[in-house]
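Q: Got a sequence here, can you model it:
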Amino acid sequence: MTARIDHLVTSGTFALDGGEWDVDNNVWIIGDDTEAVVVDAAHDAAAIEAALDGRTLRAIICTHAHNDHIDAAPALADATGAPILLHPDDLPLWRQTHPDRTPDAELADGQELEVAGVRLTVLHTPGHAPGAVCLHAPRLNTVFTGDTLFQGGPGATGRSFSDFPTIVDSIRDRLLSLPPDTVVRTGHGDSTTVGAEAPHLQEWITRGH
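A: Here you go, the predicted model:
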């Protein structure tokens, strides 16, 4: 069966450093008709489970541990039996949202996950959060960037646990090296491509050092 990417938008609240903002999150489901993984279980476990449509969920992959990307992860894990995967550097953020539930396994730079014949390579891309990761799927010509890279530039770095020079280094070293036609599927908003973002990012790289 042919692997595909399904896209769901869920809505909720992002909370950090005492502030709250209404947000729409992209939830990405990669798989075929029998199995799948979810990238960022945001806000609505029931809606994500419905979108799985009976497929076996192999893993819930967290690009980082801001609450709006992980708030539905435990409920989805409980409903499906799938493990939650998170880079350990984001455990302090995770505990702000889920103090009584830890992730089931760690993500590591260079780790390869496979579902429906598609290999996802974990790229550790700190900056927006210490344990932020992107997932590169060459066969699907896609990289899932969470909040590291958006259409229009890097993710926000003005709050706790974030750092602008670090995110610029991550994007330059880990993402701009991907083929220019690689589709960038983001944590919020519209998709873009590596090639479309590269010229703007060079400006930010210069400004950030």
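
Q: can you tell me which helix in this structure is longest?
A: Scanning the chain for the helix with the most residues, using DSSP state H, yields helix 194-208.

Q: What is that one packed up against?
A: Secondary-structure packing of helix 194-208 (3 or more Cβ pairs under 8 Å, 6 or more residues apart in numbering; DSSP states H and E): strand 153-154, helix 164-170. To be clear about C-beta, it is placed using only N, CA and C from the backbone, and glycine gets the same treatment.

Q: which residues are contacting the least confident helix or strand in the chain by mean pLDDT?
A: Here the helix or strand of the chain ranked lowest by mean pLDDT, DSSP states H and E is helix 194-208, holding a mean of 80. Outside helix 194-208, the residues that touch it by Cβ atoms under 8 Å, 6 or more residues apart in numbering are 143, 149, 151-154, 164-165, 168, 171-172, 175-176, 178-182, 184.

Q: Pull out the buried members of the residues you listed.
A: 143, 149, 153-154, 164, 168, 171-172, 175-176, 178, 182, 184 (16 or more other Cβ atoms under 10 Å).

Q: Taking those together, which two end up most distant?
A: Comparing all pairs in the buried ones among the contacts of helix 194-208 by Cβ to Cβ, the longest separation belongs to F164 and T182, at 23.4 Å.

Q: Tell me what the closest residue to D109 other than its chain neighbours is bridged to.
A: Setting aside the residues directly before and after it, D109 is nearest to H124 in space (Cβ to Cβ, 6 or more residues apart in numbering), at 3.7 Å. Note on H124: beta-bridge partners by DSSP bridges are V133.

Q: H124: neighbour count?
A: Other residues near H124 number 18, with proximity taken as other Cβ atoms under 10 Å.

Q: residue contacts, it?
A: 87, 107-109, 131-133, 170, 174.

Q: so which of those residues comes closest to L93?
A: Within the contacts of H124, the smallest distance to L93 is 7.6 Å, found for G131 (Cβ to Cβ).

Q: Test my guess that the closest one contacts H64.
A: Yes - between G131 and H64 there is a contact under Cβ atoms under 8 Å: 6.1 Å.

Q: Settle it for me: which of the two has more neighbours?
A: More neighbours surround H64 than the other of G131 and H64, with 30 against 24 (other Cβ under 10 Å).

Q: returning to what we had before: same list (the contacts of H124) but as TSV, adding pLDDT and distance to G19.
A: Listed next are these as TSV, based on pLDDT from 0 to 100; distance: Cβ to Cβ, whole Å:
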residue	pLDDT	distance to G19
H87	98	24
L107	98	27
A108	98	31
D109	98	30
G131	98	21
A132	98	20
V133	98	25
S170	96	24
R174	97	29
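
Q: Filter those residues down to the buried ones.
A: Applying 16+ other Cβ under 10 Å to the contacts of H124 flags 87, 107, 131-133, 170, 174 as buried.

Q: Report pLDDT for Q111.
A: pLDDT recorded at Q111 is 98.

Q: Would you mind pointing out the helix or strand the residue lying closest to it once chain neighbours are set aside falls in?
A: Using Cβ to Cβ, 6+ apart and skipping the chain neighbours, the partner closest in space to Q111 is V122 (4.3 Å). Using DSSP states H and E, V122 sits within strand 118-124.
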